[in-house]
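Chemist: take this sequence and fold it.
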Amino acid sequence: MSVARSLFGRMPLDAPAASRGLTLIELVLMISIIGILAMLAVPERSAFHEVKLGAAARRMVSDLRYAQSRTMASRTVHHVLFDPAHERYAVTAGATSVADPANRARPLAVDYLREDEFRGVRIESASFGGTTEVAFDFLGRPRSATGADLVGPGRVVLDYEGMTAVVEVAPGTGMARVR
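Modeler: Below is the predicted model:
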């Protein structure tokens, strides 16, 4: 036999085709390498969920801040109405829909059941002084739908695949942020 057989445990290259093949060690190494590459190539599902939930929460904070700034600039009270039963919210000025600043042709509203970007995100709860609506006065202070100043922080709890994010609106200042 040749030196190749003694070093690698393989038949010489001039052996019949039926007797050539991979050794068990080579097969195990190849499967291990493929497994490691597969783990690196496929992103972790929980990271994807965090990104989607974080994007939904940041969009909500942005819309709350927009409603607050529009109220202070126009001196027209703006409301953000949350509808947890239908997984959506909308920004209005009185009874009029506010135009989305990114697309003036559509109203500023997010529907988690219909929009691909946020599909699957749920509004678990929304509470602003006992109501599911927050309004901002001319100084940017948050109020409940009944017009009372918020005593504690207003909260919206978002859920996606078992993960949660809480959007809080601070009483007095109306500062919106993700917790």
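Chemist: next one: phi and psi at residue 143?
Modeler: Main-chain torsions, residue 143, degrees, to the nearest 10: phi -140, psi 160.
Chemist: quick one: it and residue 134 touch, right?
Modeler: Yes: counting by Cβ atoms under 8 Å, residue 143 touches residue 134, with 7.1 Å between them. The C-beta positions use only the backbone N, C-alpha and C, and glycine is treated the same way.
Chemist: overlap of the contact sets of those two?
Modeler: Residues touching both residue 143 and residue 134 (Cβ atoms under 8 Å, 6 or more residues apart in numbering) are residue 150.
Chemist: more neighbours: those two, which one.
Modeler: Relative neighbour count places residue 134 above the other of residue 143 and residue 134, with 28 against 22, counting by other Cβ atoms under 10 Å.
Chemist: which residues does the more buried one bridge with?
Modeler: residue 80, residue 144 (DSSP bridges).
Chemist: residues touching it, list them.
Modeler: Residues near residue 134 by Cβ under 8 Å, 6+ apart: 64, 79-80, 128, 142-145, 150, 154, 169.
Chemist: from the chain's centroid, how far away is the lengthiest helix in the chain?
Modeler: Ranked by number of residues, the top helix in the chain under DSSP state H is helix 45-74. How far helix 45-74 lies from its chain's middle: 10 Å, per Cα atoms, centre = their mean, to the nearest Å.
Chemist: which helices and strands does it pack with?
Modeler: strand 78-83, strand 88-93, strand 109-111, strand 133-136, strand 154-160, strand 163-169, strand 176-178 (3 or more Cβ pairs under 8 Å, 6 or more residues apart in numbering; DSSP states H and E).
Chemist: one more time with 7 Å
Modeler: When contacts are defined as 3 or more Cβ pairs under 7 Å, 6 or more residues apart in numbering; DSSP states H and E, helix 45-74 sits against strand 78-83, strand 133-136, strand 154-160, strand 163-169, strand 176-178.
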